[in-house]
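Novice: missing the sequence, but the structure's below:
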């Protein structure tokens, strides 16, 4: 079974630009979450989608948004990039059939804002 | 708000020198506590899920235990390939699967 696939793996953007990151979950997984990982803050929850509906959103500004498509693939968008948005962005998918479903993470997208 | 604190921040071990990592947590209704391993530049890799106090799980040289306030990850006779950052996370009994992570413990095992 293929794992969680995130594209692209690396991105360099300029302040003020916007960026879209993509995540393909494990086949059959309908729930997808996004996390931001930085050396100072660790792993921070961004948002979660289940069957195209956002179920929860972390404490991030409105510049961060996401969506999920009918095939469970998900995208997140960051507009008006700031230097502090430089981070590893991780996507995770879950098998909702489990009582406490473990998150399967992708390799992440390393975003650098210059 | 759910909180997870891991200690120590870093741990340097000699090959074969057993040790333990600590994860203290507060959560309003625990659905599960998770341990992950993360190698540099990669996504976290799932290790264990613990559901209730008294539960233990083992995998090779790793053993995870859970009490009502903390979890321990014991590394027995570690090898250099056990070098990684170990992350602890909790999932609350809510309508979503949000994980609240600790900052992690970076383990370095010297040959």
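Specialist: Looks like it arrived, so ask away. These numbers come from a predicted model, not from an experiment. Residues are numbered from 1 along each chain as shown, chains lettered A, B, ... in the order given.
Novice: only C-alpha atoms for contact and neighbour calcs from this point on.
Specialist: OK.
Novice: most distant residue from the middle of chain B?
Specialist: Most distant residue from the mean C-alpha position of chain B: residue B:95, 23.8 Å away (Cα atoms, centre = their mean).
Novice: mind listing what that residue touches?
Specialist: Going by Cα atoms under 8 Å, 6 or more residues apart in numbering or on different chains, residue B:95 touches residue A:55.
Novice: One more pass at 10 Å, please.
Specialist: A:55-56 (Cα atoms under 10 Å, 6 or more residues apart in numbering or on different chains).
Novice: Which of the helices or strands spans residue A:65?
Specialist: Following DSSP states H and E, one finds residue A:65 within strand A:64-68.
Novice: Name every strand pairing with that strand and say which way it goes.
Specialist: The strands beside strand A:64-68 in its sheet (DSSP bridges) come out as strand A:74-78 (antiparallel).
Novice: mean confidence score for the partner strand?
Specialist: Mean pLDDT, strand A:74-78: 98.
Novice: Pull out the buried residues from that strand.
Specialist: Using 16 or more other Cα atoms under 10 Å in any protein chain shown as the test for burial, strand A:74-78 gives A:74-76, A:78.
Novice: What is the burial count for the residue of chain B found nearest chain A?
Specialist: With Cα to the nearest Cα as the measure, residue B:43 is the residue of chain B nearest to chain A, at 4.5 Å. Neighbour count of residue B:43, defined by other Cα atoms under 10 Å in any protein chain shown: 23.
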